[in-house]
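Chemist: Predicted coordinates and the sequence they were generated for:
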Amino acid sequence: MQQLIKSAIESELGTIEALPSAVADRVREVYAEFVPVYIEIIRIRDDHPADWQPRTVVPDPDVVEDMLHFTSDYQDLARSFRQINRQVKYLLTIDRQADPHRFERCVQEIISGGRGPSLMDSLVDP
């Protein structure tokens, strides 16, 4: 399963090894919750046997969108997956040297799981 999680991360975000370790850990945590459920949805949708596992995982945006219409557990997983991807992609656009305050606020937003200071605050309060 770890290899499938890694392939999903790489398909969405590329390598995360250069990210701050707490951010990389948070990415792995979100994906570790998301990927097994995503695989099960694909398995059922495509009528694969119960022991089926793909070789790699490249999340399909349509399937992720569909997850938002399932039970609240699936909705939470899909939202967390989309949120972490959006946040990490934004973090990667910030020059750590030129704007360390914004970079650090974004890092804190990611590792808090959205329960910390608002990312929008960092945009209006540099």
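Modeler: Thanks, I have the structure now.
Chemist: Low-confidence regions, the chain specifically.
Modeler: 114-126 (pLDDT under 70).
Chemist: the helices in it, which residues?
Modeler: Under the criterion DSSP state H, the chain contains helices at 2-13, 21-45, 61-67, 72-91, 100-111, 119-124.
Chemist: tilt between the second one and helix 72-91?
Modeler: It refers to helix 21-45. Orientation of helix 21-45 against helix 72-91 (axes from the mean of the first three to the mean of the last three C-alpha atoms, to 10 degrees) gives an angle of 140 degrees.
Chemist: Tell me which of the helices of the chain lies nearest to Arg55.
Modeler: With C-beta to C-beta, the closest approach to Arg55 among those belongs to helix 2-13: 8.1 Å. In short, each C-beta sits where N, CA and C put it, glycine included.
Chemist: In terms of secondary structure, what does the closest one contact?
Modeler: helix 21-45, helix 72-91 (3 or more C-beta pairs under 8 Å, 6 or more residues apart in numbering; DSSP states H and E).
Chemist: Residues contacting the shortest one, please?
Modeler: In other words, helix 72-91. If you take C-beta atoms under 8 Å, 6 or more residues apart in numbering as the criterion, helix 72-91 is touched by 12-13, 16, 19, 23, 26-27, 30-31, 33-34, 37, 41, 59, 64-65, 67-69, 103, 106-107, 109-110, 113-114, 119.
Chemist: and the residue of the chain most remote from its centre, how far is that from Val23?
Modeler: Centroid-distance maximum for the chain: Pro49 at 27.2 Å, with C-alpha atoms, centre = their mean. Look at Pro49 and Val23: by C-beta to C-beta, to the nearest Å, they are 37 Å apart.
Chemist: Apart from its neighbours in sequence, what residue is nearest His69?
Modeler: Using C-beta to C-beta, 6 or more residues apart in numbering and skipping residues adjacent in sequence, the residue nearest His69 is Gln75, 7.8 Å away.
Chemist: possible to save the helices and strands packed on helix 2-13 as JSON lines with mean neighbour count and distance to Ser7?
Modeler: JSON lines is the format used below for the helices and strands packed on helix 2-13 (neighbours: other C-beta atoms under 10 Å; distance: least, C-beta to C-beta, whole Å):
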{"stretch": "helix 21-45", "mean neighbour count": "17", "distance to Ser7": "9"}
{"stretch": "helix 72-91", "mean neighbour count": "17", "distance to Ser7": "15"}
